[in-house]
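**Student:** please work out how this folds:
(2 chains)
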Amino acid sequence: MAEQKKMVDEITSMDVDFAQWYTDIVKKADLIDYSSVKGCMVIRPYGYAIWENIQKLLDSRFKATGHENVYMPMFIPESLLEKEKDHVEGFAPEVAWVTHGGNEKLAERLCVRPTSETLFCEHYANIIQSHRDLPKLYNQWCSVVRWEKTTRPFLRSREFLWQEGHTAHATAQEAIEETERMLNVYADFCREELCMPVVKGRKTESDKFAGAEATYAIEALMHDGKALQAGTSHYFGDGFAKAFNIMFTDKDNKQQYVHQTSWGVTTRLIGAVIMSHGDDNGLVLPPAVAPVQIVILPIAQHKPGVLEKAQELKERLSAAGFRVKADCSENSAGWKFAEYEMKGVPLRLEVGPKDIENGQCVLVRRDNREKTFVKFEELEKVAKTLLDELASSLYNKALDNLEKRTYSCTSTDGIIKALADNGDGFVKTMWCGEEACEDKVKELTGVGSRCIPFEQEQLAENCVCCGKKAKYTLYWAKAY
RNA sequence: CGGGGUGUGGCGAAGUUUGGUAUCGCGCUUGGUUCGGGACCAAGAGGCCCCGGGUUCGAAUCCCGGCACUCCGACCA
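**Tutor:** Residues are numbered from 1 along each chain as shown, chains lettered A, B, ... in the order given. Presented below is the predicted three-dimensional model:
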């Protein structure tokens, strides 16, 4: 690996202050700007382009699994929100209310959607009559509002962009399969496109979605050893169906309640990418979602033929399907190097007079700064190879971080010691299933339960906390 | 929601203790020389000192109230 010398002194080093490093990156890579409302951010073109790529890739996975996009209203009447008791209790503390239209006070106040279960339920009750109407596999891309107390760009904002899938099925079995299917879609997307390994599992009772029978989640581990929930998928059983009276006539002419699911990912994924792959020089973007995959930098661009060559290479790479940009501005070469490293562009192409003489150019990988001299005729092929190698290298590095920072413990003292010796990370232990132990471990060690992983292991006989017979393997971590 | 820190041209800061003409670096504009790791010279432009009250002959500076950002906790995608 080429020497990783720090060229940009405007970014706080990760090791000095991880939180500040994160904030520096979102600002200096031009991802966001702050607005005058707390917790509401301007997503700038470069940041939004990442989201558009995420949308495109996920949307095609949703379509491939039979889902259709719809759009629901952004306002929910209070009476509608209140129909499902657990649901309203879960969300009430963080909803924003509209009380006036113009100067008139509204007869009933309207909540700005924090999530759209109730709207989908109301609609499903209207349009589902027969088993022939099922399943309903809907998704919507929109923003939602949750009046958070503590906010951070991408990780926790008061308004955020997301997608929410809402499905209705004839049987519990089908709905459970859907819940699992979509969790897997998320996990595959994270692995294959974001180069980010995740732990799949079920949330504990205390941590599950308001109104759900079961909540599943994918948990990723950031570079500082903190966990980030990257996506969730909920199984509702027929609880919402009963609250909203969503019924269909089955083949035997009997009235049945539907079984439902919902699932979502948010712009938080951008935060996850930053904290999984970024380094002290800035962002490092996985090629699949990078707005610019290859940036072409002409060297000594006033010399005859250089700009023309840069333009020619740009056209060739575009034609080959790469997202490519040529920066022919008057900024110095060194400035451009630093700029595009800050922005996480996966590959940099340098082309100067000496290269042109030799019929070649230079490709430099963002993650390790490795240089490859490439004959012009082999450019497309080598660029493809290097992007693929970079992607798998990002994944392997993130996986290595996750594995190195996953500690198996059998006592709360063991947890404290593991974290103190090795730094934050996932802790896996056995657990009796009682909420009291969840709370106590959090109080004693500082880590909270993340999920009951699908891959259960027999690490010990007894609960890490109370010592009673254990039921589950459980992942714990400090979390965002 | 509790505790700390911050708010001064686009960005980063000095000035605030002890009230008295608004400072510096970077960036920006124009012209020229440069360009393989954040180039250089010259000439310019750019400020409700976060907002609202108050004290004062006079407030970036003192007092009261608010807002935002940020960090550390508690709660949550």
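**Student:** buried ones in stretch A:306-323, by neighbour count?
**Tutor:** Using 16 or more other Cβ atoms under 10 Å as the burial criterion, the residues of stretch A:306-323 that qualify are A:306, A:309-310, A:313-314, A:317, A:322-323. For every residue, glycine as well, the C-beta is placed using N, CA and C.
**Student:** quick one: the helices in chain A?
**Tutor:** With DSSP state H, the ranges of helices along chain A come out as A:18-28, A:45-64, A:78-81, A:85-91, A:117-127, A:172-192, A:239-244, A:268-277, A:306-319, A:333-342, A:353-358, A:379-404, A:412-422, A:435-445.
**Student:** turn those into a markdown table, including mean pLDDT.
**Tutor:** Compiled in a markdown table, the helices of chain A are given as follows (pLDDT from 0 to 100):
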| stretch | mean pLDDT |
| --- | --- |
| helix A:18-28 | 89 |
| helix A:45-64 | 97 |
| helix A:78-81 | 91 |
| helix A:85-91 | 87 |
| helix A:117-127 | 95 |
| helix A:172-192 | 98 |
| helix A:239-244 | 96 |
| helix A:268-277 | 96 |
| helix A:306-319 | 96 |
| helix A:333-342 | 93 |
| helix A:353-358 | 95 |
| helix A:379-404 | 97 |
| helix A:412-422 | 92 |
| helix A:435-445 | 92 |
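**Student:** quick check: which of these is buried the most?
**Tutor:** The highest mean neighbour count among the helices of chain A belongs to helix A:268-277 (a mean of 25), with neighbours defined as mean count of other Cβ atoms under 10 Å.
**Student:** what's that one in contact with?
**Tutor:** By Cβ atoms under 8 Å, 6 or more residues apart in numbering, the surrounding residues in contact with helix A:268-277 are A:22, A:25-26, A:31, A:47, A:50-51, A:54, A:152-156, A:160, A:190, A:194-196, A:220, A:222-224, A:228-231, A:283-286, A:289, A:344, A:367, A:394, A:397-398, A:480.
**Student:** keep only those residues that also lie close to RNA strand B.
**Tutor:** A:22, A:152-153, A:155-156, A:160, A:229, A:480 (Cβ under 7 Å from any atom of the strand).
**Student:** of the residues you listed, closest to residue A:129?
**Tutor:** Distance ranking of these against residue A:129, using Cβ to Cβ, places residue A:160 first at 35.1 Å.
**Student:** residue A:424 is in contact with residue A:406, correct?
**Tutor:** No. Using Cβ atoms under 8 Å as the test, residue A:406 is too far from residue A:424 to be in contact (11.3 Å).
**Student:** from residue A:146, how far off is residue A:158?
**Tutor:** 6 Å (Cβ to Cβ, to the nearest Å).
**Student:** actually residue A:203, not the one I wrote
**Tutor:** From residue A:203 over to residue A:146 (counting by Cβ to Cβ), the distance is 18 Å.
**Student:** the nearest residue to residue A:197 once chain neighbours are set aside and residue A:462: what is the separation?
**Tutor:** If you skip the residues right next to it in sequence, residue A:197 has residue A:399 as its closest partner in space, 4.6 Å away by Cβ to Cβ, 6 or more residues apart in numbering. Using Cβ to Cβ, we find residue A:399 at a distance of 30 Å from residue A:462.
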